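# structure for the following, please:
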Amino acid sequence: MNKNILLCGVGGQGTVLASKLIASAAMEKGVPVMSAETIGMAQKGGSVFSHLRLGENLFSPMIATGEADIIIGFEPAETVRMLPYLKKDGVVIVNSHPIKPVTSSLSNTSYSGEEMIAYLQKHVENLVVVDCNKACEELGSSKVVNMVLLGAAVKSGEIYLEKEDIKNAIRKRVKPSFHELNFKALDYINESAK
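Residues are numbered from 1 along each chain as shown. Prediction:
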C-alpha cells in the first residue's frame, strides 16, 4: 500500500498535528512513512503544508506534481494552490470556510472563499466540501477543524486508516483533557450524516 497525502492550510488550523497523527497511526500499523512540512509564517496565518508518503520503496518525502492521492485542505485558497499535486482521479477534502489572507486584509480586498470552492467543484471530480464552521459550532470549539477533516479523510477510504487508528494516535500525542473533544470531532461526519 502506497499513499501520497497532502495537507494544506494556514497557521493555527492544526494542519501539522493532523499530519503527525496520520504518520503516527500509519507507523503503528507497520507502514513506513516519509514526511516533509513547510510551516512558513505559521503564527501569522501563513501557508502551512505537509507532504506525507506512506508505503514501501519511498526515496523522497516530497510528493511529485500529479501524484497526490488525496489533498486535505483546511482553507479553500490553499487547497486550490496545491491542486497541481493531485493525481487525475485523486480526492480533495476541503473546509468550506476561508481564512482571509494577510495580503487581502492589508489591501482591504474581499475574499469569501466561494470562488475557490466553485473552482474546485469545476476541476475536481472527487470533491468533499465540509462545513467546518458548522461542525465547530456544534462541537463547541473552534479548534477541531483538523479532527473533523481527518474524520472525513478516514471516511473517504483514501488514507487506508480507520478511526480507531487515529484515536490511538490521539491518545499518544494529545493531552488527555482533549481526547474526548477530538474523538467527537473525528466522528462528526458520520454523526452529522444520520
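# continuing past the helix or strand of the chain with the lowest mean pLDDT, what's the next helix or strand?
Scoring the helices and strands of the chain by mean pLDDT, DSSP states H and E places helix 102-106 at the bottom, with a mean of 55. Once helix 102-106 ends, the next helix or strand along the chain (criterion: DSSP states H and E) is helix 114-123.
# can you give me the strands for this protein?
3-10, 33-38, 47-54, 68-73, 86-95, 126-130 (DSSP state E).
# got a list of what residue 79 touches?
8, 71, 73, 92, 94, 116, 120 (Cβ atoms under 8 Å, 6 or more residues apart in numbering). No exception for glycine: its C-beta is placed from N, CA and C like everyone else's.
# now, which of those residues sits nearest residue 131?
Residue 131 lies nearest to residue 94 out of these, by Cβ to Cβ, at 10.6 Å.
# and the closest one, how many residues sit next to it?
Counted with other Cβ atoms under 10 Å, the neighbours of residue 94 add up to 29.
# that one and residue 78: what is the separation?
Noted for residue 94: a distance of 9 Å to residue 78, by Cβ to Cβ, to the nearest Å.
# residue ranges with poor pLDDT in this structure?
Within the chain, the segments meeting pLDDT under 70 span 39-45, 101-109, 191-194.
# most tightly packed of the strands of the chain?
Neighbour counts (mean count of other Cβ atoms under 10 Å) averaged over each of the strands of the chain peak at strand 68-73, with a mean of 27.
# quick check: bridge partners of the residue nearest the centre of the chain?
Closest residue to the average C-alpha location of the chain: residue 72 at 3.3 Å, with Cα atoms, centre = their mean. In this structure, residue 72 bridges to residue 7, residue 93 when assessed by DSSP bridges.
# what sits against it?
By Cβ under 8 Å, 6+ apart, the neighbours of residue 72 are 5-8, 18, 93, 149-150, 152-153.
# how near is it to residue 153?
Distance check for residue 72 against residue 153: by Cβ to Cβ, it reads 5 Å.
# shared neighbours of those two, anything?
Counting by Cβ under 8 Å, 6+ apart, the contacts common to residue 72 and residue 153 are 5, 93.
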